[in-house]
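[1] I need the structure of the sequence given here:
(2 chains)
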Amino acid sequence: MASLSSLASAHLLAADAPSNPWFTWQYVQDNKDAILAALQQHVILTAQTIAIALLIAFPLALLAFRFKRLAGPVLGLTGVLYTIPSLALFAFIAPINGFGLTPRTVLVGLVIYALLILVRNILVGLDGVPDEVREAAQGMGYSRARMLWKVELPIAVPAVMAGVRVATVSTIALVTVGVIVGYGGLGALIIGGFQNNFYRAEILTGSVLTVALGLTADLLLAGVTRLLTPWSRTRS
Amino acid sequence: MSALDDALVWLNDPLNWQGRNGVPYLTYEHLYISGLAVALAAVVALPTALLLGHTGRGGALTVLVTNVSRAIPTLALLTVFAATAIGFGNRATILALAVFAAPPLLTNTYIGMRGVDPDIVEAARGMGMSERSLLVRVELPLALPLIAAGFRTAAVQVVATATLAALVGGGGLGTIINSGFGRQDQGQILAGGVLVALLALGTEGALALLQRSVTPGRVRRWHRLTDVKPRETADAVSLS
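    From the prediction side, this is the model:
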């Protein structure tokens, strides 16, 4: 492993060098454009992942909810996919024609991870609708579709949104691994700094921005949950 | 699918099964790194969670730790640790992975301890049990199924994320995928992916059996009836 030994000598050099601070404004100013581009890519990949995952998760969860027999296989399959490490998943997708070193490879992998969290939470939300509420809606002459739209889904909103929050935060953390195919958002700074002679300022800027992005998204989505469930505000 | 053929060729090449870059040694290294990381996390998290669960304090803390740890990318922590005085390599990897193994252990153990029927605890106190034997002989055995579930979640997660160590100069099976991408060798990439996936799924299966063996049949049936799998509990808490 020639690369490893060269890394080892690089490490020795870095340790001998007088200063390699964990943070400098100089680095941020000099690389403003690169940092912003990485951040933008990170946000776009995350938003696309959650949007696509939601589009797939809702029909899957509704199917599993209507036909209880399907719930086991659907959760089982998404569970197996969830167990496969992200790097291995990218390794499966990249050799497929038309994927390779493109953002599509990252996107497909991330959607697969978000699916399990979303499907499970949508199911939990729908299962949590009290039978009395359903019977009342039936008694009032609600059709199945109308009941789903007007009664079951609104009651499931807190559980669904909890799933969206967890999926979003996990996705933001996982995007960094996309660096293996060249589309890792802020992961490019983290690994770039590592390969650039252990440039600590670059590594930490990328890491801190990723964590900050995850926590910000979580807070924003918590706010959205409150807006979507006005009834829960007065109670608490 | 030529990539598939290439992967089979790679897997059938005896050179890839020998020496320090061979599959057997890398698998051993992967499991060794993972095992030490989980052990390290258990040494810190289990006593903490047992005490917190026994006294009933720190519930908010365990939820906070779980939520914040989810936002930290494994790759970031691996890289940051590799750039400190710890130096890159397996030591930094083990420490970084231990940080991520701790939250599931902490949360599940805490929930398991809190889930012990208060009547049982009261009966044990009434019989004159000391706090210590109450914890060791009553609460701990009853919490064991959930502790095992946390252990399984932590271990499977560590085996999966240990793959990422390859990106920052660490060892394990991830190096096959990483150098495959470096050389743009589709067959090696796919072969590495298959090996890593098999190891992760194998770990999951083996630990599921282990978890079953420490979960009494009555508890298992109860979980099936109420449709709550012990494994999901760590996530369920952070959702609230």
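
[2] Point out where chain B drops to low pLDDT.
    For chain B, applying pLDDT under 70 flags the ranges B:1, B:217-240.

[3] ok and the residue in it nearest chain A?
    Relative to chain A, the nearest point of chain B is B:Gly193 (3.0 Å; C-beta to the nearest C-beta). C-beta: built from backbone N, CA, C; applies to glycine.

[4] elements contacting the helix or strand harbouring that residue?
    Element membership for B:Gly193 (DSSP states H and E) is helix B:186-214. For helix B:186-214, the packing partners by 3 or more C-beta pairs under 8 Å, 6 or more residues apart in numbering or on different chains; DSSP states H and E come out as helix A:68-83, helix A:86-93, helix B:2-12, helix B:23-55, helix B:140-161, helix B:174-183.

[5] B:Gly87: which of those helices is closest?
    Closest of the helices and strands packed on helix B:186-214 to B:Gly87 is helix B:23-55, at 15.0 Å (criterion: C-beta to C-beta).

[6] Please identify the buried residues of that closest one?
    B:23, B:26-27, B:29-31, B:33-34, B:36-38, B:40-42, B:45-46, B:48-50, B:52-54 (16 or more other C-beta atoms under 10 Å in any protein chain shown).

[7] which stretches of chain A form helices?
    Assigned helices in chain A, in chain order: A:2-16, A:25-30, A:32-66, A:68-83, A:86-93, A:103-127, A:131-139, A:144-147, A:153-175, A:187-195, A:200-228, A:230-235 (criterion: DSSP state H).

[8] I'd like these as JSON lines, with distance to chain B appended.
    Below are the helices of chain A laid out as JSON lines (distance: least, C-beta to the nearest C-beta, whole Å):
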{"stretch": "helix A:2-16", "distance to chain B": "5"}
{"stretch": "helix A:25-30", "distance to chain B": "14"}
{"stretch": "helix A:32-66", "distance to chain B": "11"}
{"stretch": "helix A:68-83", "distance to chain B": "5"}
{"stretch": "helix A:86-93", "distance to chain B": "3"}
{"stretch": "helix A:103-127", "distance to chain B": "7"}
{"stretch": "helix A:131-139", "distance to chain B": "15"}
{"stretch": "helix A:144-147", "distance to chain B": "22"}
{"stretch": "helix A:153-175", "distance to chain B": "4"}
{"stretch": "helix A:187-195", "distance to chain B": "5"}
{"stretch": "helix A:200-228", "distance to chain B": "4"}
{"stretch": "helix A:230-235", "distance to chain B": "13"}
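
[9] who's in contact with stretch A:22-33?
    Contacts to stretch A:22-33, defined as C-beta atoms under 8 Å, 6 or more residues apart in numbering or on different chains, come from residues A:35, A:199-202, A:204-205.

[10] what mean pLDDT would you report for that stretch?
    What stretch A:22-33 shows for mean pLDDT is 78.

[11] count of neighbours near residue 66?
    Just so you know, I chose chain A. For A:Arg66, the neighbour count with other C-beta atoms under 10 Å in any protein chain shown is 12.

[12] wait, I meant chain B there
    If you count neighbours by other C-beta under 10 Å, B:Thr66 ends up with 19.

[13] which residues are in contact with whichever strand or helix holds it?
    For B:Thr66, the host element (DSSP H and E) is helix B:59-71. For helix B:59-71, contacts defined as C-beta under 8 Å, 6+ apart pick out A:166, A:169-170, A:172-173, A:211, A:214-215, A:218, B:49, B:52, B:99-100, B:102-104, B:106-107, B:110, B:114, B:234, B:237-238, B:240.

[14] if we go to 6 Å?
    Here helix B:59-71 makes contact (C-beta atoms under 6 Å, 6 or more residues apart in numbering or on different chains) with A:169, A:211, A:214-215, B:103, B:106-107, B:110, B:237-238.

[15] got JSON lines for those residues, with neighbour count and distance to A:Val179 too?
    Formatted as JSON lines, these follow (neighbours: other C-beta atoms under 10 Å in any protein chain shown; distance: C-beta to C-beta, whole Å):
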{"residue": "A:Val169", "neighbour count": "25", "distance to A:Val179": "19"}
{"residue": "A:Val211", "neighbour count": "19", "distance to A:Val179": "16"}
{"residue": "A:Gly214", "neighbour count": "24", "distance to A:Val179": "17"}
{"residue": "A:Leu215", "neighbour count": "17", "distance to A:Val179": "21"}
{"residue": "B:Pro103", "neighbour count": "26", "distance to A:Val179": "24"}
{"residue": "B:Leu106", "neighbour count": "28", "distance to A:Val179": "29"}
{"residue": "B:Thr107", "neighbour count": "27", "distance to A:Val179": "29"}
{"residue": "B:Tyr110", "neighbour count": "32", "distance to A:Val179": "35"}
{"residue": "B:Val237", "neighbour count": "17", "distance to A:Val179": "31"}
{"residue": "B:Ser238", "neighbour count": "20", "distance to A:Val179": "27"}
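
[16] mind checking how far the helix holding B:Gly193 is from the chain centre?
    Averaged C-alpha coordinates place helix B:186-214 at 13 Å from its chain's average position (C-alpha atoms, centre = their mean, to the nearest Å).

[17] relative to helix B:23-55, how tilted is that helix?
    With axes from the mean of the first three to the mean of the last three C-alpha atoms, to 10 degrees defining the directions, helix B:186-214 sits at 40 degrees from helix B:23-55.

[18] about what we covered before: close to chain A, is the helix or strand following the helix holding B:Thr66?
    The helix or strand immediately downstream of helix B:59-71 is helix B:74-82, counting by DSSP H and E. Yes - Helix B:74-82 is in contact with chain A by C-beta under 6 Å from any C-beta of the partner chain, via B:75-76, B:79-80.

[19] Tell me who's in contact with the residue nearest the centre of chain A.
    Closest to where the C-alpha atoms of chain A average out (C-alpha atoms, centre = their mean) is A:Thr171, at 1.7 Å. Residues near A:Thr171 by C-beta under 6 Å, 6+ apart: A:46, A:49, A:110, A:114.
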